[in-house]
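Sequence unavailable; structure follows:
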RNA sequence: GCCCCCGUAGCUCAGCAGGAUAGAGCGACGGAUUCCUAAUCCGUAGGUCACGUGUUCGAAUCACGUCGGGGGUACCA
């Protein structure tokens, strides 16, 4: 039993007790109290259902508390507090047992089958193959990858996907821009000015002359662009791998041409949701929640992004996914409405498409904000960020804030190896445990599995165990909100609980019983820290820091 | 003009499926090391939750409005 299901037990008991009143089962919800003194879990059902019961909240809460079986395993005490909260305190025996289970099988702690194999597709990064990845992509990569890891742990069939935008005319523009670099002429209107293209131009020339023994480069900008785009994609993939992000599939927009794309147009046509105007084809987006109708085929005969994007989402649906989470950069937020409108017109289920806007990142160095412009090719790339602050700090920092909030990224802080830096605070807790386990005294204690954990009952030990008990609940809330940042708060809390414990108690002492019990505790803490860091893609330091 | 995000302690932010005295980190100030890493710990100070109105028994949390900050608004993707 790695998955703590005590909350399920409590909920089902409460649901039972609420029978007979006009209360929905689903409104019986447990939460983690704001203040630890209140207990480990709390329920506000008496408050929310005051009207349905006709009783005062406190009255109803007291009745529930009275009727709550004292025998339920793991719950030491149920109390009524404040305006009518029910607070549950876990018993030390339960926590001690939990520690043993965690220590025996740390990887499974926090795992759950609540997802029931539901198929979720997480699309993220999906940067244009026209240059190196920037920091917004980096943030999306951290968030998306961690979400996939957490969802998998919670029993979902979660997959990650990178949508390669290689279908539009930007590939042609890319080709034209590189040609301009090769021929040393002016970069065309709307082309890419980034200095990095010079390097790609050189690499391409070298490659072409070697493999074709000729300086006759492809005449077609699209063909040339494709070569360059593939080179850039290769670099992006390498960068992401270095960032510990690996996609299950790199899906090419070009694979949707022409069949799938034309299919979208004809479906919309069939449903009478398009019209021609000024030589262009419009989709009646305003009838499906968009602010205005959208051009889907330009007067020059090209499709606008809505068409291939719709085709792509139909494709996701046809592949059997039940949810399509899409992490979009702040510059794409205008597209959400029209794409949503199109999917609605195409009769996709309402809850299928789940766009999430990943807000911008403000990099700061020396107290100054570093401005960036993708088109001009200036700013900090993901490679440079990794180089400067490391993968661990970068991933951790990107996960510290709500996805929907702008993120201030203090590069000086991320680089610091001091207590100001939360990454090291967490890693240090882990390193300290490793250090304890390396002590000669640790090996002398036999039969860890048979250790008697009754003696783990000091305030610091109880607090530490309670911290760990929150791990599954934290993961559940991440799934519910599709928002990974609670993980960093959880790990900081757990690390703090450990540091406090560590500073007040010795693990290895002459008392064999205590030593043995505390070693089990330490092994459990290390396991949870490791598991949490693993979910974030942060390294758990094996060597002394 | 329209759309999105944000406005909570000096700074960076949690809390927002409405509910308990509004929490944390950093910074400031004052302490702690014979012993498993002081990259640690303990204590103190610090808040009209931008403002207004409304809904409610109850609002930091919901609605509307105002002010302020950031970003986006192509027959490019």
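Happy to help now that I have it. Everything quoted here is computed from the prediction, not taken from an experiment.

quick one, domains of chain A?
Per automatic domain parsing, the domain ranges recorded for chain A read A:6-90, A:418-536.

can you list the residues that contact stretch A:108-122?
Residues outside stretch A:108-122 that contact it (C-beta atoms under 8 Å, 6 or more residues apart in numbering): A:2-4, A:101-102, A:144, A:147-148, A:151, A:153-161, A:316, A:319-325, A:327, A:468, A:471-472, A:475-476, A:479, A:527-528, A:531. No exception for glycine: its C-beta is placed from N, CA and C like everyone else's.

Including mean neighbour count, mean pLDDT and distance to residue A:237, could the domains of chain A go into CSV?
Compiled in CSV, the domains of chain A are given as follows (neighbours: other C-beta atoms under 10 Å; pLDDT from 0 to 100; distance: least, C-beta to C-beta, whole Å):
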stretch, mean neighbour count, mean pLDDT, distance to residue A:237
domain A:6-90, 17, 89, 39
domain A:418-536, 19, 92, 21
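
out of these, nearest to residue A:253?
domain A:418-536 (24.7 Å; C-beta to C-beta).

Please measure how far the first residue of that closest one sits from its last one.
20 Å (C-alpha to C-alpha, to the nearest Å).

Next, residue A:130: phi, psi?
The phi/psi pair for residue A:130 (degrees, to the nearest 10) reads phi -120, psi 0.

In space, what's closest to residue A:187 - neighbours in sequence excluded?
Nearest non-adjacent residue to residue A:187, counting by C-beta to C-beta, 6 or more residues apart in numbering: residue A:180, 4.6 Å away.

any idea how far that neighbour lies from residue A:110?
53 Å (C-beta to C-beta, to the nearest Å).

Then residue A:280?
52 Å.

was I right about the residue nearest to residue A:187 contacting residue A:189?
No: with contact defined as C-beta atoms under 8 Å, residue A:180 does not reach residue A:189; the gap is 10.9 Å.

Look at residue A:131 and tell me its secondary structure.
Under DSSP: H, G, I helix; E, B strand; the rest coil, residue A:131 falls in the coil class.

just to revisit the earlier point, count the residues that sit near the residue nearest to residue A:187.
18 (other C-beta atoms under 10 Å).

That one and residue A:230, how far apart?
19 Å.

about what we covered before: part of a helix, is the residue nearest to residue A:187?
Yes: membership of residue A:180 in a helix is supported by three-state DSSP.

Just the buried residues of stretch A:535-545, please?
A:535-541 (16 or more other C-beta atoms under 10 Å).

Name the residues of the stretch 301-450 of chain A found near RNA strand B, please.
A:302-305, A:308-309, A:330-335, A:337, A:357, A:359-360, A:400-402, A:404-408, A:417-420, A:422, A:424-425, A:428, A:431-432, A:434-436, A:439 (C-beta under 7 Å from any atom of the strand).

wouldn't residue A:302 be in contact with residue A:169 here?
Yes: judged on C-beta under 8 Å, residue A:302 makes contact with residue A:169 at a distance of 6.6 Å.

Between the two, which is the more surrounded one?
residue A:169 (15 against 12).

how about the more buried one, what does it touch?
Taking C-beta under 8 Å, 6+ apart, one finds residue A:302 in contact with residue A:169.

now do residue A:424
So residue A:424 contacts A:416-418, A:545 (C-beta under 8 Å, 6+ apart).

The residue in the stretch 401-545 of chain A that RNA strand B sits nearest to and residue A:496: what is the separation?
Here the residue of the stretch 401-545 of chain A nearest RNA strand B is residue A:419; by C-beta to the nearest atom of the strand that distance is 2.3 Å. To residue A:496, residue A:419 is 11 Å away according to C-beta to C-beta.

Make JSON lines out of the domains of chain A and add distance to residue A:259.
Converted to JSON lines, the domains of chain A look like this (distance: least, C-beta to C-beta, whole Å):
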{"stretch": "domain A:6-90", "distance to residue A:259": "43"}
{"stretch": "domain A:418-536", "distance to residue A:259": "32"}
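
wait, which of the ones you listed is closest to residue A:384?
That would be domain A:418-536 among the domains of chain A, by C-beta to C-beta, at 18.5 Å.

Residue A:242: neighbouring residues, count only.
Neighbours around residue A:242, by other C-beta under 10 Å: 13.

The closest residue to residue A:246 other than its chain neighbours: what secondary structure?
The shortest distance from residue A:246 to any non-neighbouring residue, by C-beta to C-beta, 6+ apart, is to residue A:240 (7.2 Å). The local conformation at residue A:240, judged by three-state DSSP, is helix.

residue ranges of the strands in the stretch 201-350 of chain A, please?
Assigned by DSSP state E, counting those that start in this stretch, the strands in the stretch 201-350 of chain A fall at A:249-252, A:274-277, A:280-283, A:294-297, A:323-328.

what helices or strands is the third one leaning on?
Contacts of strand A:280-283 with other secondary structure elements, assessed using 3 or more C-beta pairs under 8 Å, 6 or more residues apart in numbering; DSSP states H and E, are made with strand A:274-277, strand A:294-297, helix A:333-345.

what distance separates the helix or strand just after the longest one from the middle of the whole chain?
Read it as helix A:333-345. Note on helix A:333-345: by DSSP states H and E, the next helix or strand toward the C-terminus is strand A:353-357. Put simply, strand A:353-357 sits 13 Å off its chain's centre (C-alpha atoms, centre = their mean, to the nearest Å).

For residue A:253, which non-adjacent residue is spatially closest?
Here the residue nearest residue A:253, using C-beta to C-beta, 6+ apart, is residue A:167, at 3.7 Å.

and that neighbour, what are its phi and psi?
Dihedral angles (degrees, to the nearest 10) for residue A:167: phi -110, psi -30.

burial of it, as a residue count?
Count around residue A:167 with other C-beta under 10 Å applied: 20.

give the contact list for it.
So residue A:167 contacts A:252-254, A:256-257, A:308 (C-beta under 8 Å, 6+ apart).

Drop the exposed ones from the residues you listed and show what's left.
Looks like the contacts of residue A:167 have A:252-253, A:256-257, A:308 buried, using 16+ other C-beta under 10 Å.

Helices - which of those residues land there?
Counting by DSSP state H, the part of these found in helices is residue A:308.

In the stretch 1-150 of chain A, what residue lies closest to RNA strand B?
Closest point on the stretch 1-150 of chain A to RNA strand B, by C-beta to the nearest atom of the strand, is residue A:82, at 3.0 Å.

Please enumerate the strands of the stretch 401-545 of chain A.
Under DSSP E, counting those that start in this stretch, the stretch 401-545 of chain A gives strands at A:407-410.

would you list every one of the helices in it?
A:411-415, A:422-438, A:440-444, A:459-481, A:486-504, A:512-536 (DSSP state H, counting those that start in this stretch).

Same list (those) but as TSV, adding distance to residue A:21.
As requested, the helices of the stretch 401-545 of chain A are exported to TSV (distance: least, C-beta to C-beta, whole Å):
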stretch	distance to residue A:21
helix A:411-415	52
helix A:422-438	44
helix A:440-444	54
helix A:459-481	25
helix A:486-504	32
helix A:512-536	38
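
I figured residue A:67 hits residue A:17, correct?
Yes: with contacts counted by C-beta under 8 Å, residue A:67 reaches residue A:17, the gap being 5.4 Å.

Could you measure from residue A:297 over to residue A:261?
Counting by C-beta to C-beta, the gap from residue A:297 to residue A:261 is 10 Å.

Tell me, what's the model's pLDDT at the residue nearest to residue A:187?
At residue A:180, the model reports a pLDDT of 91.

swap in the one 3 residues further on?
With respect to pLDDT, residue A:183 scores 90.

need the strands for the stretch 1-150 of chain A, in chain order.
A:30-31, A:41-43, A:75-81, A:85-90, A:119-123.

Using JSON lines, lay out those strands together with distance to residue A:395.
Converted to JSON lines, those look like this (distance: least, C-beta to C-beta, whole Å):
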{"stretch": "strand A:30-31", "distance to residue A:395": "28"}
{"stretch": "strand A:41-43", "distance to residue A:395": "30"}
{"stretch": "strand A:75-81", "distance to residue A:395": "37"}
{"stretch": "strand A:85-90", "distance to residue A:395": "32"}
{"stretch": "strand A:119-123", "distance to residue A:395": "16"}
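
Sounds good, over and out.
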